[in-house]
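*Asks:* Provided below are the primary sequence and the corresponding predicted coordinates.
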Amino acid sequence: MAAPVYKRVLLKLSGEMLGGEQGYGIDPVTITSIANEIKEVVQCGVELALVIGGGNIFRGLAASSKGMDRASADYMGMLATMINALAMQDALEHLEVDTRVQSAIAMQEVAEPYIRRRAIRHLEKGRVVIFGAGTGNPYFTTDTAASLRAMEIGADVIMKGTKVDGVYTADPKKDSQAVKYRSLTYIDVLRKGLQVMDATAVSLCMDNSLPIVVFDVTTGGNVKRVVFGEEIGTIVKGE
């Protein structure tokens, strides 16, 4: 079997992914399916870290648009990501995958504090590290948290798992003429306002030449295919 192309990866999932078909709450079948994908990749010797959004439970930006204080709403969103992190930890440990949750907000009863060197050590020992509570700061999305943590742990790539098999010129579910991009530059994404990750996250990746692969995580085996270098989804990189 060929060796993995990426040795250390950060997998970014939206909270809605854990909600399954309903899109909210935590669907046990969906979270177990994703956990199985992660286990398969870890067994190949890949070091994997995870950032999960909280949109299936609470979306800070949506709440602030309805009058809630933005900082308060964002902190609530960070707590929602911790619920997802603990649920994913449970799903992985049921499959006998060693897992650690690190939180950017202190909550020592349920998670370790985020410590960069400790996170790297866990990865080197083959543990999956789940980063919760975003960056620990309001006004930053979990996309930005994913970019930041990927840089800090020295990841080779950010893998953004979505329900669509890449980035398109328009929403393929609404526009049958939408064309899929195989490859994009960071500047393309920023200029065209493509919904890959938010502008702060993309800019961070551009400044540090960290590639982003956007792919369909709902198709079985896709996480492993990306890690082994198969050209599925859309890759965002430099010129």
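*Replies:* Arrived safely.
*Asks:* tell me which residues in the lowest-mean-pLDDT helix or strand in the chain are buried?
*Replies:* When each helix and strand of the chain is scored by mean pLDDT, DSSP states H and E, helix 60-65 comes last, with a mean of 83. Within helix 60-65, the residues that qualify as buried are 60, 63-64, counting by 16 or more other C-beta atoms under 10 Å. (Each C-beta comes from the backbone N, C-alpha and C, glycine too.)
*Asks:* by contact count, what packs against the helix ranked longest in the chain?
*Replies:* If you go by DSSP state H, the chain has its longest helix at helix 70-94. Helices and strands touching helix 70-94, by 3 or more C-beta pairs under 8 Å, 6 or more residues apart in numbering; DSSP states H and E, are helix 15-18, helix 28-42, strand 47-52, helix 60-65, strand 99-103, strand 128-132.
*Asks:* now the spatially closest residue to A91 that is not a sequence neighbour: how far from L123?
*Replies:* Nearest-residue entry for A91: A35, 4.0 Å, with adjacent residues in sequence omitted and distances by C-beta to C-beta, 6 or more residues apart in numbering. Per C-beta to C-beta, to the nearest Å, A35 is found 17 Å from L123.
*Asks:* same question, D90
*Replies:* In terms of C-beta to C-beta, D90 sits 20 Å off from L123.
*Asks:* Please apply the same query to T218.
*Replies:* 26 Å.
*Asks:* which of the two has more neighbours?
*Replies:* Counted by other C-beta atoms under 10 Å, T218 and L123 do not tie: L123 has more neighbours, with 22 against 17.
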